[in-house]
Structures are given as structure tokens and as C-alpha cells.
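**Q** here is my input; please provide its structure:
(chains A and B)
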Amino acid sequence: MKYVLKKIGTLILTLLAVSALVFFAFSLIPSNPAIARLGTEATPEKIAKLMHDMGLDRPVLERFGSWILGILHGDFGTSYSYNQPVTTLLSEKIGVTLLMSVMAILITCLLSFPLGIYVARKSDSKLDVLFTTINQIVMSIPSFFSGILITLLFGLILKVFTPGGYVSYKKDFLGCIGYLIFPAFAIALPKISMVVKLLRDTALKEADKDYVRTAYSRGNRTKAVFYKHVLKNAIIPVITFLGMTFADIIAGSIIVEQVFRVPGLGRILLTSISGRDYPVVEAIILLLATAVVVSNLVVDLLYKKFDPRIHV
Amino acid sequence: MKAFKKLWRLIFLSATLTVALCACGGDKAGDASAHITIGIPQDLEETLDPHEAMAAGTREILFNIYEGLVKPNSNGELIPAVADEFSVSDDGLTYTFHLRKGVKFHNGSDVTAEDVLYSIGRNADPSSETAYASAFSNVKEYKADGENIVITLNQKDNDFLQSMTIGIIPKDVTDIATNPVGTGPYMYVSRSPQENVILKRFKDYWGEKAYIEDVTLKICSNADSIVMDLLGGSVDFFARITSAQAAQLKDADFNIEEGTMNLVQAMYLNNAVEPFTNEKVRQALCYAVDPKEIINLAFDGKGTELGSSMFPAFGKYFVKEINDVYDVDLEKAKELLKEAGYPDGFSFTIKVPSNYQPHIDTAQVIAEQLKKIGVTAEIKLVEWESWLSDVYIGRDYEATVVGVDASQMTARAMLERFTSDSSKNFVNFKSDAYDAAFNNAISTTDDAKATEYYKECEWILAREAANVYIQDLAEMVAINKKYTGYEFYPIYVLDIAKIKPVK
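**A** Residues are numbered from 1 along each chain as shown, chains lettered A, B, ... in the order given. Predicted coordinates for the structure are as follows:
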């Protein structure tokens, strides 16, 4: 229990540090949201007035204080470029990104375990070299590039989906899933090969251990030894790996969203940065940081649970 | 263990099936008269209030939702809209508009004289801070007289009718910025930031109704994927594509229509920094830069050469001959540089907004052309926001390549920028002759005389080489062969109501 509390304590400190970093970084950048909004209509008087309306003429520390206070009350401020609360603005976008990330994780799990087990079982056959080579190639292709290939193959040649034809999940849930499968698959691809490699390697390492020899000597067949003993031990690091991957996938989906023109967090993050819409940028970065920190915490806790021998 | 394997097989099978089924469910091109998806390069701004919205990209869409007492047609002429006729008194001070009968707002209520007065009042009120407030500062009195709206001016203003294109809005709608209600052929349904804006045909529109029922304005902020969106069928229409994109679409199901962008692309020079304070240096650059070569090299020969801050869509104000003030003459350019005290040339920096590829291409050709007279131009790409704050407002630059247009179709809106005390004079152009000619133009009551004075202004900009004028860019529009009827306007307008299905 003490361990958990300590972990949560560092989590809060980390998030505080991140929020301070994000906030002050933007007050250092020489740019002005008021100018971005006024465009070529900007005159010094108009800029001054708009800055006052936006509350940007207050000292930095005061703004930071009220921002943090607002967040504690669940208020992330108001977007400059949409004039609506950041929470309302982001709630739909988070849904899109989260849905895509969850799908990517599901695809990873569904494909990587059977594939990994198959590859591990074939590790002493001639096919092993082939499998490892393919695996290395898939692992080294970044997901935005496989995304482009997928768009080309499935979108433009086979015409299974319409590139850019995203429909909101609120309007047509199945249609949305049907579209998001492709970006989710692009995100999942390198993760799948990582899991396959991890599973194969740990299984091989376990297979050399004494308890495996004992299991054989008791008269078990190869298959039984593999599934009942080797796999059971080999799967632990894989599960922790998957946990950590989740945060990675959310952050990585931002790039893949661009390739598939999915209007999720990534799109709004990019336009908000160029439009100097700081409340939105700050909220998104804080969200991503939270996702990373929380999933790391969960992994830490899981790790302890799965393997009590290891102290984290 | 058999069970384990079977389970995986089942999951695997169902997963593949889901992919296949979902993918088939994706919407394929439907009935063309029912729906069109129009790609727009950026999201609309935070306010959809017709009197507050300033961005050209927002106004061109709002054109479909709101109408003024008068509105422009595709020739740039003002035609009656919410008013069915109007007259101007002989002294040019009193405007009388007669309200059209049967005009309804999108919320179903009739347009009344009070709504019109309210709409004018929002801009004409002395404390008004709307985008049009300065244009309305000349209004002395506005009142309703039965079904007539009578507006009296302090002094004659030949351009005043342009101001009456401001959208008429109902006086009892308080959240017009987020809930637009107008009288136009399309009504606003919803928007999702960075995703889309949905419009629907207004069935009670007073005039010729729109052809297409539902319109989705899809935000395509990634310029690189526009072609793929068009080819893949998720976008039916996109305005302002580049010639390279047009070439990619030619063989597909798209018609490429050509018009002009209606702006003045030039290398704008900061007339207040060395060496551009010297008129001879500026003229030397004009002699060295060849717009024709720029258009041929970077724009496939499409574009209209310009010689001053005026483009052909302005009709009577445009003087074609000004383009001949500077014909390429490298010897003369070198001679002028020598006279100005730069016999070995000089170097300077061109700041170009990084999100406008046509301007970057132009700057690159200019830099090559200037090498021939020993002038070195270094191109520096800046973010649009930095361009606004440093170049446009801070005026901290030597040269920049951009396109400048007019917020209204008036010579004044185009040329006022270059008067020496204008807050929009970002090139710091200062010429007593220009100021005098401009003041004559706005103070005269005779339209023909005013036109002459405006033309004089254009000549001065060219002769004193305020900037190195290049061209009015060609605008290319990709439209799916299922649709037709798109019309170009001389101002920034995307008239969706004119687009119709082919069949």
C-alpha cells in the first residue's frame, strides 16, 4: 500500500512538472495568439484590446495559477480559435483517438499471440530465418509509412475504403470502426512484430532452463511442455510490454491520424499549435502526459502482481 | 490445448470478417443532387457572426448563409437581395431600399424593417467595433419608412453601396456567432472543429433555390493529401489547387476549371529600409524581375501579369498598360544600381510565409533572376503567424512575396493601404504625389473623376516602384464530373448554390 501511495505521489509531481513546462514554454515563444486571430486586420489597438479580452495581459505567474486552479475544477479554459470550452472541444476528439488506440491494441493482441506462439514453435525449423527477416522488416517500417502503403493498396487500388472518408462515430459507429480499422492496423503492425519477437526470444530462453528439462523427463510431449510451462513464463514480460505500449500507441496515433485524415487529437493539436491556440495545446499535452504516466503506473503494479519475486 | 487453438481461430475469423463487412459498409458515392462534399483548406474562425468574421476563408462560406440588402453577382456587380429595389438621391447622400416581400430567415420568421435596422445599427453605432465599423462611420442617419429603409450619409461616398452587402440578421437571435441565422440559400446545421461544417438547403429561400440538398464542408488542412481525397472520392470539390495537383487529377473523374485568384502577387519591398529607400534600387529590381518567366517556370504559364496594385476583375479601375512600365532590361537595371551607389549589387532577405507554396516558388525564381544583376536574395521561410507579427504588423523585413487582395470590391479598399499614414501600409510606401491623388479620388463626388485619380495612384505605384509587381495568380478548381455550374467571382466567394448535378 505504501508502495502504491508513493507511486501516485510521483505521478502527481510528474504531471505538475509537465504542466509547468508546457505553460512556460509557450510564454517564452515569441508569438501572440491575438495576432494569429486578427490576421491582416490587426492593428496595435485591436491587438491590445483582444489580449485584454483573452486575459493575456496579466502576469505569467497569475495566469499559470488560475490555469492550474481551473484544471483542478475540471476547467481547461476556453479555446481561442473556437470560442468554446476546451473540454467540450476535446471530448469528441479524445473519443476518436481512444477508439483508434484501443482497436490498435486489440489488433496487436489478436494477431501477435498466435503469430508469436507459432514462430516460437517453429524456431528450430528452417522457416525461422524467414520469419525473423520478415519480422525485422515489419518492425522497422514506421507506422506512418505503412499507413501510406495501406491507403494506396486498400484505398486506391482495391478500393475497400475511401481515403479521407472518415465518418464520425456519433453518426455511424460501424462505419467509423470500418474506417478506423486501417489506421489502427498501421499503428499495430510494428507493435505486433515487436511482441512476436519478444515472445519468441523469451520462449527460447525459457526452453533452455532446467525446469523444462525436468518437464520433458517426466514424459511430457513437446507441445504440452511448451503450452503448460514455457509459455506461462514467457508471457509475463509480454504483458508488461503491452501495457507500456498503450501510451506509446496513443501518442503515435497522432501521426497516423494525419495520414488517414482522422480528425482526432492529432489534427486539432497541430492546427492549435500553428494557430497559437494555447489552451487547447496545453490540455492535449497534459492529457498525453497523463496517459503515459498512468499506464506506466499500471504496468508497474501489474508487474509486481505477476512476478512477486521482482521488486520495482 | 485444442480448445485454445480453436478459440484463436474463431477470433481470427471473426476479426477478418468484421474488417470485410465494415469496409463494405463504407459510403459509396450517392445521389449527386442529395449531397456534395466540398474541401476547404482551413477551418472557419471562431465566430460565424457576419459582422465580426474577418478571415477570407470564413467569409467565402458565410456568403451562402447571409445576404445583405444587396449582394454581388459573379460579375462583381451589386444586385438587389433582401431589398428588391433601391435608389440613390441625386446628391448621392440618401439611399432608399425597398424591402423584398416574403423573405424569410432560416428560423422561419419574416424579415422585418426592424431586423434590417438592427443589422445596420450593429455596424453604424458609434461604439461599434465590428469589422465594418469604419465603413459605416459616414452614416448620419438610418430609419425605416414603411417598407423602405432610408440611409443618409454625411458626405457622398461612391463606394457606400458595397457596405450594404453586410448580412441581415434577426434582431432576436443573441448567439449569432455560434448559431448563424440568415436569409441565404443555405442554412447552417452544425460544425465539428477541424472536421467539418454541415449546411442544408434552405427550402423557403426567396430566390432561385440551391440545387444540392446537403453540403459537407470538409476541412482538408493537409495540402499533400488533397489529391488523394479527391481521387478516393471523399471530396467532390476543391477550390484553389496547384497546377501540379491539377495535372494529377486531369485523367480522373474531375473537371479543372480556371479562373483568377483576384489578388496582387508581388515582391513587396520595405520602402523604409536600406537600400529600398532609394527609388532607383526599387526600379532596378523591377527591370530585372521578369514576371513572364516566373509564370512560365512556376505556374505552367497560367497567370495574369500585373504592373500595379490592381487586378483585371476591378474592371474600369484596371489599366493594362501599366504592366509595360518595366520591360526586362538588365543593362538598365545595372545602370540604375550604379547610379544609386550599388555598382556591385547588394544582398537582402525575402521572408516568405511557409504555408503558401506559390509564393515560395515565385521567390525562388526571383532570387535566380536577381543574380544576373549581382543582387543576392536569400529566401527565409517563416510561419504564417510570425509573418503576421514580424512582417505585416512589425514591418521588420526587407522584402516579402505574398498576395494582397481587397476586403471589398472597391478601388479604395485596394489602394488606401499605400497612403503614407495608413495602418495597413506594411511596405512603408511614402509618396506625396500618391497621397494627393488618393485624397482627390476619395473626396470627389464625380465617379469618372474619381476613377481617373485612382488610375493615377496606380501609375504612381508603378513609376515609383513601390513594389516589384508580378501577377494575379490563376485559380484552379477541381470539380467532380458529377457536378457542374460553378461560377468564379471577382471577390473571395464560394457560391455553393450555383453548383448542380450534371443530370
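**Q** buried ones in the strand or helix carrying A:Leu149, by neighbour count?
**A** Using DSSP states H and E, A:Leu149 sits in helix A:143-150. For helix A:143-150, the neighbour count (16 or more other Cβ atoms under 10 Å in any protein chain shown) marks A:Ser143, A:Phe144, A:Ser146, A:Gly147, A:Ile148, A:Ile150 as buried. (C-beta placed from N, C-alpha, C; glycine too.)
**Q** also stretch A:209-224?
**A** Of all the residues in stretch A:209-224, those buried under the rule 16+ other Cβ under 10 Å are A:Val212, A:Ala215.
**Q** please save the CA atoms from that stretch in PDB.
**A** Output in PDB follows, covering the C-alpha atoms of stretch A:209-224 (Å, rounded to 0.1, in the frame of the first residue of the first chain):
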ATOM      1  CA  LYS A 209      16.000 -23.700 -18.300                       C
ATOM      2  CA  ASP A 210      16.200 -26.700 -16.000                       C
ATOM      3  CA  TYR A 211      12.500 -27.000 -15.200                       C
ATOM      4  CA  VAL A 212      11.800 -27.500 -18.900                       C
ATOM      5  CA  ARG A 213      14.300 -30.500 -19.000                       C
ATOM      6  CA  THR A 214      12.600 -31.800 -15.900                       C
ATOM      7  CA  ALA A 215       9.200 -31.500 -17.600                       C
ATOM      8  CA  TYR A 216      10.500 -33.500 -20.500                       C
ATOM      9  CA  SER A 217      12.000 -36.100 -18.300                       C
ATOM     10  CA  ARG A 218       8.600 -36.600 -16.700                       C
ATOM     11  CA  GLY A 219       7.500 -37.800 -20.100                       C
ATOM     12  CA  ASN A 220       5.600 -34.800 -21.300                       C
ATOM     13  CA  ARG A 221       5.300 -34.300 -25.000                       C
ATOM     14  CA  THR A 222       6.900 -31.200 -26.700                       C
ATOM     15  CA  LYS A 223       3.600 -29.500 -27.200                       C
ATOM     16  CA  ALA A 224       2.400 -29.900 -23.600                       C
END
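**Q** tell me where the chain has helices.
**A** No chain was given, so I picked chain A. Ranges of helices in chain A, per DSSP state H, are A:2-28, A:33-38, A:44-54, A:60-72, A:86-121, A:127-140, A:143-150, A:173-207, A:210-217, A:222-225, A:231-260, A:265-274, A:278-306.
**Q** wrong one, chain B
**A** B:2-25, B:56-62, B:113-124, B:160-163, B:226-232, B:243-249, B:279-288, B:291-298, B:330-339, B:357-371, B:384-386, B:411-415, B:432-443, B:447-463.
**Q** dump the residue contacts of B:Val404.
**A** B:Val404 sits next to B:Leu263, B:Val264, B:Ala266, B:Tyr268, B:Ser309, B:Arg417 when contact means Cβ atoms under 8 Å, 6 or more residues apart in numbering or on different chains.
**Q** hang on, B:Ile151 packs against B:Glu141?
**A** Yes: at 7.4 Å, B:Ile151 counts as touching B:Glu141 under the criterion of Cβ atoms under 8 Å.
**Q** re earlier: let's have the contacts of B:Val404 in TSV, adding distance to B:Thr183.
**A** Formatted as TSV, the contacts of B:Val404 follow (distance: Cβ to Cβ, whole Å):
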residue	distance to B:Thr183
B:Leu263	29
B:Val264	33
B:Ala266	38
B:Tyr268	39
B:Ser309	34
B:Arg417	32
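**Q** if I look at the residue nearest to A:Phe260 when sequence neighbours are not counted, how far off is chain B?
**A** Leaving out its chain neighbours, the residue that sits closest to A:Phe260 by Cβ to Cβ, 6 or more residues apart in numbering or on different chains is A:Pro183, at 4.2 Å. Separation of A:Pro183 from chain B (Cβ to the nearest Cβ, to the nearest Å): 13 Å.
**Q** is it true that A:Ile177 touches A:Met100?
**A** No: counting by Cβ under 8 Å, A:Ile177 sits too far from A:Met100 to count as a contact (9.7 Å).
**Q** of these two, which one has the most company?
**A** A:Met100 (29 against 19; other Cβ atoms under 10 Å in any protein chain shown).
**Q** on the pLDDT front, check that one for me.
**A** If you check A:Met100, the pLDDT there is 91.
**Q** could you check how far it is from chain B?
**A** 14 Å.
**Q** repeat for A:Gly9
**A** For A:Gly9, the distance to chain B (Cβ to the nearest Cβ) stands at 36 Å.
**Q** is B:Ala497 in contact with B:Val215, as I believe?
**A** No: counting by Cβ under 8 Å, B:Ala497 stays clear of B:Val215, with 9.6 Å between them.
**Q** show me whatever sits in contact with both of those two.
**A** B:Tyr186.
**Q** so A:Ala188 sits right up against A:Leu115, yeah?
**A** No: the criterion here is Cβ under 8 Å, and A:Ala188 misses it with A:Leu115 at 11.7 Å.
**Q** who has more neighbours, the two?
**A** Using other Cβ under 10 Å as the criterion, A:Ala188 and A:Leu115 rank with A:Ala188 on top: 27 against 18.
**Q** let me see the contact set for the residue nearest to the more buried one when sequence neighbours are not counted.
**A** For A:Ala188, ignoring the flanking residues on the chain, the nearest one in space by Cβ to Cβ, 6+ apart is A:Ile107 at 4.1 Å. Applying Cβ under 8 Å, 6+ apart to A:Ile107 gives the contacts A:Ile181, A:Ala184, A:Phe185, A:Ala188, A:Ile192, B:Ala15.
**Q** OK, contacts around the third one?
**A** So the one you mean is A:Phe185. Contact analysis of A:Phe185 by Cβ under 8 Å, 6+ apart lists A:Ala104, A:Ile107, A:Ile150.
**Q** looking at the stretch 401-503 of chain B, which residue is nearest chain A?
**A** Residue of the stretch 401-503 of chain B nearest chain A, by Cβ to the nearest Cβ: B:Ser423 (4.9 Å).
**Q** separation between that residue and B:Trp459?
**A** B:Ser423 is 24 Å from B:Trp459, where distance means Cβ to Cβ, to the nearest Å.
**Q** the more surrounded of those two?
**A** Set B:Ser423 next to B:Trp459 and count neighbours by other Cβ under 10 Å: B:Trp459 wins out with 18 against 12.
**Q** what about the residue of chain A at minimum distance from chain B, neighbour count?
**A** Residue nearest to chain B within chain A (Cβ to the nearest Cβ): A:Gly178, separated by 2.7 Å. Other residues lying near A:Gly178 total 23 when counted by other Cβ under 10 Å.
**Q** contact residues of the stretch 251-400 of chain B facing chain A?
**A** B:Glu383, B:Trp384, B:Glu385, B:Ser386, B:Leu388, B:Ser389, B:Tyr392, B:Ile393 (Cβ under 8 Å from any Cβ of the partner chain).
**Q** write the ChimeraX selection for whichever of the residues you listed are buried.
**A** Entered in ChimeraX, the line below selects the buried ones among those, by 16+ other Cβ under 10 Å:
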select /B:383,385,386,388,389,392,393
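**Q** JSON lines for the residues of the stretch 251-400 of chain B next to chain A, including pLDDT?
**A** Shown next, in JSON lines, are these (pLDDT from 0 to 100):
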{"residue": "B:Glu383", "pLDDT": "84"}
{"residue": "B:Trp384", "pLDDT": "81"}
{"residue": "B:Glu385", "pLDDT": "79"}
{"residue": "B:Ser386", "pLDDT": "84"}
{"residue": "B:Leu388", "pLDDT": "85"}
{"residue": "B:Ser389", "pLDDT": "83"}
{"residue": "B:Tyr392", "pLDDT": "89"}
{"residue": "B:Ile393", "pLDDT": "85"}
